[in-house]
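Novice: Turn this into a structure:
(one chain, ligands or ions: 2)
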Amino acid sequence: DKQYVGFATLPNQVHRKSVKKGFDFTLMVAGESGLGKSTLVHSLFLTDLYKERKLLSAEERISQTVEILKHTVDIEEKGVKLKLTIVDTPGFGDAPITDYVDQQFEQYFRDESGLNRKNIQDNRVHCCLYFISPFGHGLRPVDVGFMKALHEKVNIVPLIAKADCLVPGEIRKLKERIREEIDKFGIHVYQFPECDSDEDEDFKQQDRELKESAPFAVIGSNTVVEAKGQRVRGRLYPWGIVEGESRPGAQPLGGKAPVGRWPTHRPPLPAVENQAHCDFVKLRNMLIRTHMHDLKDVTCDVHYENYRAHCIQQMTS
Ligand code: GDP
Ligand code: MG
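Specialist: Ligands and ions are numbered 1, 2, ... in the order given. Predicted structure coming up:
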């Protein structure tokens, strides 16, 4: 079972109209510069663009982000299309990001009140992945400030960046700490909805695991390598270690060397897609398979409605 995006496989998520028209979804990444935001979105989605091309290292593809950048990727699976827009931001305070989110609401509000209401281009941000440093011992004031400035405007999904810098025990502790602080400071991060009681046991189990894993710990890959004919994501370190993928039955990468500096010494380090070490796969499934519609619904029904009510109140007072 290959790790493709799975939006075509979930009937409860696929509305007939969406199947015909395709989905669109806008994902933003935010947080301090250097935490691996650009790298992660490439690992999550954009590497697909490079499938047929020569492999480039992330360093070659990703230059430092200096302004808010939008990338659009079309992903198709079993005839179902997804137009994914990624809003990549450099690390700066919350003000420019708040402005960006507001501007999208403003544009939507204007279009909705205009003549061409049927064909509105929806650029509202449906989800914001907020990167937290793995080196702090929880939230820093800047994290609290950012999330509180944005939490009534956008669905915030907090992430622990560069999880490969921590050992599993440290990740567990940091997650616990962050969960407590989110609570303590009254930060409203995106709440995963209750699981329907008529879902099957497998689904319920996955849902529990997803909720228990938050805030997700992620690793961005800086290379894609070929292992037994399959492309896998890993991190190539300067000293030459590749994290192979640990699929059931997978062997350590061996034999012919697919990339230049193929290491001779390969300890079994975690792969980006290895769920035992990081929540990369959970995050991707959550965004694209299981929770895309809910993220969009909350954006429209809660965040945008708040904005709209506020605008109308201003106009009439
Ligand atoms: P951004 O400023 O948040 O967009 O960060 P970048 O994606 O530009 O990454 C900054 C640096 O961190 C680059 O050298 C990346 O290769 C490296 N990096 C990205 N993700 C990870 C990760 O998960 N673990 C480690 N150790 N390094 C990472
Ligand atoms: Mg960047």
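Novice: Wait, a helix at Val101?
Specialist: Yes: counting by DSSP: H, G, I helix; E, B strand; the rest coil, Val101 falls inside a helix.
Novice: helices and strands of the chain: which one bottoms out on pLDDT?
Specialist: Least confident element among the helices and strands of the chain, by mean pLDDT, DSSP states H and E: helix 58-61 (a mean of 51).
Novice: next SSE after that helix?
Specialist: strand 69-77 (DSSP states H and E).
Novice: hmm, that following strand touching ligand 1?
Specialist: No: on the criterion C-beta under 6 Å from any ligand atom, strand 69-77 is out of touch with ligand 1, staying 10.2 Å away. All C-beta atoms are positioned from the backbone trio N, CA, C, and that covers glycine.
Novice: who's in contact with His137?
Specialist: Residues near His137 by C-beta atoms under 8 Å, 6 or more residues apart in numbering: Leu174, Arg177.
Novice: same question, His188
Specialist: The contact partners of His188, taken as C-beta under 8 Å, 6+ apart, are His151, Glu152, Ile156.
Novice: Run through the stretch 151-300 of the chain and note the low-pLDDT ranges.
Specialist: Along the stretch 151-300 of the chain, the parts satisfying pLDDT under 70 run over 222-277.
Novice: Point me to the residue of it nearest ligand 2.
Specialist: Proximity of the stretch 151-300 of the chain to ligand 2 (C-beta to the ion) peaks at Gly220, 10.3 Å away.
Novice: Relative to Arg110, how far out is that residue?
Specialist: Noted for Gly220: a distance of 36 Å to Arg110, by C-beta to C-beta, to the nearest Å.
Novice: helix, strand or coil for the closest residue to Gly34 other than its chain neighbours?
Specialist: Excluding the flanking residues, the one nearest Gly34 by C-beta to C-beta, 6 or more residues apart in numbering is Gly91, at 7.0 Å. Per three-state DSSP, the secondary structure class of Gly91 is coil.
Novice: Likewise for Asp297?
Specialist: Following three-state DSSP, the label given to Asp297 is helix.
Novice: Neighbour-wise, which one of the contacts of His188 leads?
Specialist: In terms of neighbours by other C-beta atoms under 10 Å, the contacts of His188 top out with Ile156 at 21 neighbours.
Novice: and that residue, what is it in contact with?
Specialist: Taking C-beta under 8 Å, 6+ apart, we find Ile156 in contact with Cys128, Tyr130, Met147, Leu150, Ile187, His188, Val189, Tyr190.
Novice: So which of those residues belong to strands?
Specialist: Using DSSP state E, the subset of those located in strands is Cys128, Tyr130.
Novice: Specify which member of the contacts of Ile156 is nearest to ligand 1.
Specialist: Closest to ligand 1 out of the contacts of Ile156 is Tyr130 (11.3 Å), distances taken as C-beta to the nearest ligand atom.
Novice: Thought Ala30 was touching that closest one, still the case?
Specialist: Yes: the pair Tyr130 and Ala30 qualifies as a contact (C-beta atoms under 8 Å) at a distance of 5.4 Å.
Novice: Show me whatever sits in contact with both of those two.
Specialist: Common contacts of Tyr130 and Ala30 (C-beta under 8 Å, 6+ apart): Phe146, Leu150.
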